[in-house]
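Asker: got a predicted model here, sequence first, then my questions.
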Amino acid sequence: MTAPAERKPPRPDELAQEFYRAALAAGGLCVQTCSSCGQTSHPPRMYCPRCSSGEWSFQPASGRGTVYSFTVSHYSVEPYWKERLPYTTIVVELEEGPRVVAAGQGWDEGVQLGAAVDVSVEALSEDFAFLWATPAGSADDE
C-alpha cells in the first residue's frame, strides 16, 4: 500500500499572500476591512468596493457563517484529493459579510444550504493556510 499523497501548498502572491500571512499570524481566519468605511471584503482587493479607499487591513474574523453553496467533486487530478474522493467544497457566507471558499470536513449527515459552519485555518507553509469548513460546534464535541 502506498502512503497518502501530501498537499503541496501553492505559492500565493500579492494580496492573496497578505491574506494568508495575516491568518497565520492571527492563528485564525481574517477578513480585509476598509479603514475608511469598515466594509469587509474577500477576496482581498486593492481598493474598497464600497468607498474606493486604498486604506485597509486584515482583521480577525469569527470564522462563523452559513453554507451559501457547495459542490461535491467526484474527480480530481491532484494526488492529495484523488485519494479523498468524493470531497466537498463549500462557499461560506461569514457573519462579517464576505464569502470564503473552504474544504468540507466532518459532514457525516451531508451538507445543507444555510447550515451553520465554523471555518478554521490550517497552516501549510509560512505563506499559505488551508481553510476548512466544519459543522458549527463540531470542534466543541471532540
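Answerer: Yes, it's here. Residues are numbered from 1 along each chain as shown.

Asker: roughly how far does residue 13 sit from residue 113?
Answerer: From residue 13 across to residue 113, the span is 33 Å (Cβ to Cβ, to the nearest Å). Using the backbone N, CA and C atoms, a C-beta is placed for each residue, glycine as well.

Asker: what's around the closest residue to residue 36 other than its chain neighbours, how many residues?
Answerer: Distance criterion Cβ to Cβ, 6 or more residues apart in numbering; nearest residue to residue 36, sequence neighbours excluded, is residue 53 at 3.8 Å. Counted with other Cβ atoms under 10 Å, residues neighbouring residue 53 total 13.

Asker: what of residue 40?
Answerer: 20.

Asker: can you give me phi and psi for it?
Answerer: Torsion angles at residue 40 (phi, psi; degrees, to the nearest 10) stand at phi -100, psi 150.

Asker: ok so, going back, contacting residues for the residue nearest to residue 36?
Answerer: By Cβ atoms under 8 Å, 6 or more residues apart in numbering, the contact list for residue 53 reads 34, 35, 36, 37, 47.
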